[in-house]
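**Q** sequence plus predicted model, see below.
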Amino acid sequence: MKQNLTTLTTAFHLLIGAGLITTAAAQEISPSPTPTPTPPLYSPQTLAELKQLQQAALKSDYAYRQVAHLSNNIGPRLSGSAQAQKAVDYVAAELKALGLEVQLEKIMVPHWVRGEETAALVEFPGMAENTTQKIVLCALGSSVATPAEGLTAEVIVVRDFDELQALGRDKVSGKIVFFNYHFDKQMAAQSHAGDAYSQAVKYRADAPTAAGRLGAAAALIRSVGGAEYRLPHTGQTDYKNDAPKIPAAAVTAEDADLIAALAPQGTVKMRLVLTPQTLPDAPSFNVIGDVKGSEHPEQIIIVSGHLDSWDLGTGAIDDGAGVAVSMEAANLIQKLHLRPKRTIRVIAWMNEENGLAGGKTYAKDHEKEIASHFAAMETDGGAGHPLGINYATKPEAKNFFDPVAKILLGSGAGIFNFAEHAGGADVGPLTKLGVPGFSPIQDNRFYFNYHHTAADTLDKIVPQELAENAAVVAVTAYALANLEKPLPR
């Protein structure tokens, strides 16, 4: 049969050469080539190892022990502090103990120190003679100080920027402006806490500048988050260069309601004392540990969290948890003697909270290696139960993740969701340059009850949910490291 087919094909070629049959006709009669099979995205061995990683992560307490040490033993880790440096040394030593190639990449970070922060209403309608009402608040990151003895001024209440502008300079100058913009707790309860935060956090960033441009003496905001129990919520403000810097603080939800209730009744005056200091920038480090790839060591998958934290709590959910699950990914790969084809790079970033120096410096220092960065993942949403992974690459990459989703479905984390932005703030400079970004999808309904408050402590972490997050990070990172072809970018 093969010989007859060869003879027939030769005859057709002769007819074409003689012009007795067209090429198109010959193509219709010629036998179709055998289709080339599509290569698998993951080898059977990789799929088996992904399942092995998942099961090991769910049984391990390594991540919990790491976040416990960062939170309890080291404590708050604001950039430039002694605790931040202690955390750098600790994580570097731990990654070395796991057998990773470890380096410290130097950065310069802001060094802002919180001082005294007190406030009281000294005049308000209906007050008893010779009394005051205490207001619970905290300075916003980078806030300038009041005079050492404090300042006393009338408080005016606005809901948003439009209401402030409508008042004009004459009614704002010399006053303390209080922005009473509410964090949408209902939106958060419906699993859209990130969206609720994005809507409210612009007041933390921009309110002091907006008020300062109109001559205000100070700016206060309603705390950005769902926290009750008179917990103020700190975070960075963003002074603009074209406006005077005025003292800035966040008031608890309860005290915000108090001020908002009193103001329509008559004059409300506050005595405010804030004594923060901005010291010269300080040296610090990103901690980097590599599990070298066996076939493509130059290609890098980043798994990461940020090591710094605000100073009111102990930085357990923001973001000791993210650092811990990233360390766990490396721990499990080493413990199970797995060999990723690409390099898995664990990074504990420094200065996410009040400057992003770690992420920006890394992107600049590794600019020539951007094409070799295969993917970048950051966990910075707490430690709530993970539902899956957000990915920011081409939408057609979805089929790349289907086999991984089937494995993670076993721990309730089988959603792989295309997102325009994913990966976290520290890897943002990399994703803007085209590196595919990844981040766990987590139950964040209650995250902003504790985020940036004194209640960000270890007890808010459920060990099993932390282990579930570690499983998602480890499985996704190892899958990316062993993917048989590159991701679309």
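**A** Received the coordinates, thanks.
**Q** CA only for contacts and neighbour counts going forward, please
**A** OK.
**Q** which one is V201 nearest to, not counting chain neighbours?
**A** V224 (6.1 Å; C-alpha to C-alpha, 6 or more residues apart in numbering).
**Q** measure that neighbour to A330 for me?
**A** 35 Å (C-alpha to C-alpha, to the nearest Å).
**Q** now do C138
**A** 38 Å.
**Q** correct me, but the residue nearest to V201 touches F183?
**A** Yes. Judged on C-alpha atoms under 8 Å, V224 makes contact with F183 at a distance of 5.9 Å.
**Q** show me what counts as buried in stretch 336-353.
**A** 339-353 (16 or more other C-alpha atoms under 10 Å).
**Q** over to stretch 50-60?
**A** L50, K51, Q52, L53, Q54, Q55, A56, A57, L58, S60.
**Q** go on, stretch 470-484?
**A** For stretch 470-484, using 16+ other C-alpha under 10 Å, the buried residues are 470-483.
**Q** widest-spaced pair of the buried residues of stretch 50-60?
**A** Within the buried residues of stretch 50-60, L50 and S60 form the most distant pair, 15.3 Å apart (C-alpha to C-alpha).
**Q** got JSON lines for the buried residues of stretch 50-60, with secondary structure and pLDDT too?
**A** JSON lines is the format used below for those (DSSP: H, G, I helix; E, B strand; the rest coil; pLDDT from 0 to 100):
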{"residue": "L50", "secondary structure": "helix", "pLDDT": "98"}
{"residue": "K51", "secondary structure": "helix", "pLDDT": "98"}
{"residue": "Q52", "secondary structure": "helix", "pLDDT": "98"}
{"residue": "L53", "secondary structure": "helix", "pLDDT": "98"}
{"residue": "Q54", "secondary structure": "helix", "pLDDT": "98"}
{"residue": "Q55", "secondary structure": "helix", "pLDDT": "98"}
{"residue": "A56", "secondary structure": "helix", "pLDDT": "98"}
{"residue": "A57", "secondary structure": "helix", "pLDDT": "98"}
{"residue": "L58", "secondary structure": "helix", "pLDDT": "98"}
{"residue": "S60", "secondary structure": "coil", "pLDDT": "98"}
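**Q** mind pulling up the pLDDT for the closest residue to G434 other than its chain neighbours?
**A** Leaving aside its chain neighbours, G434 sits nearest to R489 (6.5 Å; criterion: C-alpha to C-alpha, 6+ apart). For R489, the pLDDT comes out at 83.
**Q** do me a favour and get the end-to-end distance for stretch 149-169?
**A** 26 Å.
**Q** for the closest residue in space to L487 that isn't next to it in sequence, helix, strand, or coil?
**A** Leaving out its chain neighbours, the residue that sits closest to L487 by C-alpha to C-alpha, 6+ apart is A397, at 6.8 Å. Put simply, A397 is helix when judged by DSSP: H, G, I helix; E, B strand; the rest coil.
**Q** now A474
**A** Per three-state DSSP, A474 ends up helix.
**Q** how far away is the closest residue to it other than its chain neighbours from Y62?
**A** Closest residue in space to A474, ignoring its immediate chain neighbours: A329 at 4.4 Å, by C-alpha to C-alpha, 6+ apart. A329 sits 10 Å away from Y62, going by C-alpha to C-alpha.
**Q** looking at these two, which is more packed in?
**A** A329 (28 against 19; other C-alpha atoms under 10 Å).
**Q** sorry, back to before: where does the residue nearest to L487 land on pLDDT?
**A** A397 carries a pLDDT value of 86.
**Q** burial of it, as a residue count?
**A** 16.
**Q** are we agreed that the residue nearest to V201 is in a strand?
**A** No. Read with three-state DSSP, V224 is coil and lies in no strand.
**Q** residues near it, how many?
**A** 31.
**Q** next: L487.
**A** The tally of other residues near L487 (other C-alpha under 10 Å) stands at 16.
**Q** so who does it touch?
**A** F374, T393, A397, F400, P436 (C-alpha atoms under 8 Å, 6 or more residues apart in numbering).
**Q** quick one: it from G359, how far?
**A** 22 Å.
**Q** related to what we said a few turns ago, and the gap between the residue nearest to G434 and P208?
**A** 39 Å.
**Q** against which helices or strands is the longest strand seen in the chain packed?
**A** Ranked by number of residues, the top strand in the chain under DSSP state E is strand 277-291. Using 3 or more C-alpha pairs under 8 Å, 6 or more residues apart in numbering; DSSP states H and E as the contact test, the elements touching strand 277-291 are helix 82-97, strand 101-113, strand 342-349.
**Q** 6 Å instead, please
**A** strand 101-113, strand 342-349 (3 or more C-alpha pairs under 6 Å, 6 or more residues apart in numbering; DSSP states H and E).
**Q** in CSV, list those along with distance to A405.
**A** Formatted as CSV, the helices and strands packed on strand 277-291 follow (distance: least, C-alpha to C-alpha, whole Å):
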stretch, distance to A405
strand 101-113, 30
strand 342-349, 20
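**Q** ok, which of those comes nearest L272?
**A** Comparing those by C-alpha to C-alpha, strand 101-113 comes nearest, at 17.8 Å.
**Q** any idea of the angle that closest one forms with strand 342-349?
**A** Using axes from the mean of the first three to the mean of the last three C-alpha atoms, to 10 degrees, the interaxial angle of strand 101-113 with respect to strand 342-349 works out to 20 degrees.
**Q** mind listing the strands strand 101-113 pairs with, and their directions?
**A** strand 277-291 (antiparallel) (DSSP bridges).
**Q** could you give the average pLDDT over the partner strand?
**A** So the average pLDDT for strand 277-291 ends up being 98.
**Q** list the neighbouring strands of the helix or strand following that strand plus their orientation.
**A** Using DSSP states H and E, the helix or strand that follows strand 277-291 towards the C-terminus is strand 296-306. Using DSSP bridges, strand 296-306 pairs in its sheet with strand 342-349 (parallel), strand 373-378 (parallel).
**Q** how about those, which one is nearest P440?
**A** strand 373-378 (7.9 Å).
**Q** make CSV out of the strands paired with strand 296-306 and add distance to F178 and mean pLDDT.
**A** Formatted as CSV, the strands paired with strand 296-306 follow (distance: least, C-alpha to C-alpha, whole Å; pLDDT from 0 to 100):
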stretch, distance to F178, mean pLDDT
strand 342-349, 34, 98
strand 373-378, 35, 98
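**Q** ok, the residue nearest to W349 when sequence neighbours are not counted - how many residues close by?
**A** In this structure, W349 finds its nearest non-sequential neighbour in H306, 4.3 Å apart by C-alpha to C-alpha, 6+ apart. Here the count is done by other C-alpha under 10 Å, and H306 has 31 residues near it.
**Q** now do H306 against N444, distance only.
**A** Taken as C-alpha to C-alpha, the span from H306 to N444 is 18 Å.
**Q** what's the answer for K485, then?
**A** For K485 relative to N444 (C-alpha to C-alpha), the value is 33 Å.
**Q** more neighbours, those two?
**A** N444 (21 against 12).
**Q** does the more buried one belong to a helix, a strand or coil?
**A** With three-state DSSP as the basis, N444 sits in coil.
**Q** hang on, the earlier thing: which pLDDT value goes with the residue nearest to V201?
**A** V224 is given a pLDDT of 97.
**Q** how close does it sit to F446?
**A** 13 Å.
**Q** T267 now?
**A** On the measure of C-alpha to C-alpha, T267 and F446 end up 36 Å apart.
**Q** between the two, tell me which one has more neighbours.
**A** Between T267 and F446, counted using other C-alpha under 10 Å, F446 has the larger neighbour count: 19 against 13.
**Q** residues contacting that one?
**A** By C-alpha atoms under 6 Å, 6 or more residues apart in numbering, no residues touch F446.
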